[in-house]
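*Asks:* coords below, sequence missing:
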């Protein structure tokens, strides 16, 4: 479960390590690594370690939606409207 701890204003870090993000979110490092591997968390690999941009932390918390995720959302909405448009219109009339 996410604890939703904000990044401190005084913290000027541009990147966080996976263990730092795990600690900030109150989840295990393994959970963060799984999300990185599945693409749910954008991270860059440097050597054997991953670094996570500051903006990605805001994305994880739901504060900021990057363009790449906005496109995914738009595509999903378009698919749902195509497939269930009639049902959605009928529900909207109720």
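*Replies:* Yep, it's here. Just so it is clear, the model here is predicted, and its values are computed rather than measured.
*Asks:* Just the pLDDT for the spatially most central residue of the chain.
*Replies:* Nearest to the geometric centre of the chain sits residue 60, at 3.8 Å (CA atoms, centre = their mean). According to the prediction, residue 60 has pLDDT 84.
*Asks:* surely it meets residue 43?
*Replies:* No. Applying CB atoms under 8 Å as the test, residue 60 and residue 43 come out as separate, 10.9 Å apart. Quick note: C-beta positions are derived from backbone N, CA and C, even for glycine.
*Asks:* which non-adjacent residue is nearest the residue nearest to the centre of the chain?
*Replies:* Counting by CB to CB, 6 or more residues apart in numbering, residue 60 lies nearest to residue 41, which is 6.5 Å off, once chain neighbours are set aside.
*Asks:* Now for that neighbour, how many residues are close by?
*Replies:* When neighbours are defined as other CB atoms under 10 Å, residue 41 has 20 of them.
*Asks:* Show me which residues of the lowest-mean-pLDDT helix or strand in the chain are buried.
*Replies:* Sorting the helices and strands of the chain by mean pLDDT, DSSP states H and E puts helix 54-61 at the bottom, at a mean of 85. Across helix 54-61, burial judged by 16 or more other CB atoms under 10 Å covers 56, 57, 59, 60, 61.
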